[in-house]
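J.: I'd like to go over a predicted model; first the sequence, then the structure.
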Amino acid sequence: MTRRPHAVRALYVLALIAGGGLAACSAATEAAELRPQVVNLAFEDQFRNRRETAQMRGDVVVLVYASRTAAEAAVELGRRLHLRFHPTAAGAAAEEWSRQPVTPLPGWPAGVRMPDVHVIPVACLPEVPKPLHAVARSRLRKESEVVSVWLDFEGAMHEAFGMVPDAPNIAVIDTQGRTHSVRAGHLDDLGLAELAGLIDRLRGQARADQRTAALPGPTVR
């Protein structure tokens, strides 16, 4: 059995500390398609590094979050989704878990950067009082010494995307930084394949975006 990275255990620990929520990834029930809009969510991780979704423009970003009661299901879905796009992570050391190559897209042209898929755990901890933020960071650093976990102390994820209680939630951001969809529910193998197909379609659209961007503008005479 493959050992889970420390971040998976850490998220569940933090959920218990917070009594609040934490990261997840999913889709099986209904998918709420959102009006496309560019978003930039910014948090600090457990090492106090600033993290922003805008820094990952050009890749598909999958933000995983959930309430405390769905913490274990959420982190398991996030792990499965990460392995779907980075299968070599299954045998990688913890420090290499997030650095594995993404699965290729069929027919992708040589020499053109292929969009990656970032499955990001966001620990939603709005119920942790400010004086205890340092305690939460310290605990998470011990549990996840390498893998970055974004910390949401202000309830930004719930405000931006909503949250279905007692179920994993996932927000998908496309390669242009636009919110594509928010989904909730427990994923079986078929549901995971359907979500993976959606993400690959979003990755493939980046090729057309790059081609369009490369076209010269009209000549002014």
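T.: Done, it's in. Quick caveat: nothing in here was measured; it's all calculated off a predicted structure. Residues are numbered from 1 along each chain as shown.
J.: pretty sure Gln205 contacts Asp174?
T.: Yes. Using CB atoms under 8 Å, Gln205 makes contact with Asp174 at a distance of 7.2 Å. Placement of C-beta: from N, CA and C, glycine included.
J.: The two: which has the busier surroundings?
T.: The neighbour count for Gln205 versus Asp174, taken as other CB atoms under 10 Å, is higher for Asp174 (23 against 15).
J.: who touches stretch 148-155?
T.: Stretch 148-155 is contacted from outside by 7, 10-11, 14, 23, 43-47, 49, 51, 65, 98, 120-126, 128, 130, 133, 136-137, 140, using CB atoms under 8 Å, 6 or more residues apart in numbering.
J.: First-to-last residue distance for that stretch?
T.: This stretch, stretch 148-155, spans 19 Å end to end (CA to CA, to the nearest Å).
J.: What ranges does the protein have for its helices?
T.: Using DSSP state H, the helices found in the chain span residues 6-18, 71-85, 133-143, 156-161, 189-214.
J.: Pull the second one out as CSV, backbone CA atoms only.
T.: The C-alpha atoms that make up helix 71-85 are tabulated as CSV, following Å, rounded to 0.1, in the frame of the first residue of the first chain:
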residue,chain,number,x,y,z
ALA,A,71,-12.1,16.2,5.8
GLU,A,72,-11.0,12.6,5.3
ALA,A,73,-13.0,12.1,2.1
ALA,A,74,-11.7,15.4,0.8
VAL,A,75,-8.0,14.7,1.2
GLU,A,76,-8.5,11.2,-0.3
LEU,A,77,-10.2,12.7,-3.3
GLY,A,78,-7.4,15.2,-3.7
ARG,A,79,-4.8,12.4,-3.5
ARG,A,80,-6.6,10.4,-6.1
LEU,A,81,-6.9,13.4,-8.5
HIS,A,82,-3.3,14.3,-8.1
LEU,A,83,-2.2,10.8,-8.9
ARG,A,84,-4.5,10.8,-11.9
PHE,A,85,-2.5,13.5,-13.5
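J.: thinking again about what came up before, among the contacts of stretch 148-155, which are located in strands?
T.: If you go by DSSP state E, the contacts of stretch 148-155 have 43-45, 51, 65, 120-124 in strands.
J.: Greatest separation within those residues: which pair is it?
T.: Glu44 and Tyr65 (15.8 Å; CB to CB).
J.: Of those two, which one has the most company?
T.: Neighbours per residue, other CB under 10 Å: of Glu44 and Tyr65, the larger number sits with Tyr65, 31 against 16.
J.: Look up how far Phe161 lies from that one.
T.: Distance of Tyr65 to Phe161, given as CB to CB, to the nearest Å: 8 Å.
J.: shared neighbours, those two?
T.: By CB under 8 Å, 6+ apart, Tyr65 and Phe161 have these common neighbours: 169, 171.
J.: thinking again about what came up before, out of the helices of the chain, which is the most enclosed?
T.: helix 71-85 (a mean of 23; mean count of other CB atoms under 10 Å).
J.: Which elements pack onto that helix?
T.: Packing partners of helix 71-85 (3 or more CB pairs under 8 Å, 6 or more residues apart in numbering; DSSP states H and E): helix 6-18, strand 21-22, strand 60-67, strand 117-124, helix 189-214.
J.: can we see that at 6 Å?
T.: With contacts taken as 3 or more CB pairs under 6 Å, 6 or more residues apart in numbering; DSSP states H and E, helix 71-85 sits against helix 6-18, strand 60-67, strand 117-124.
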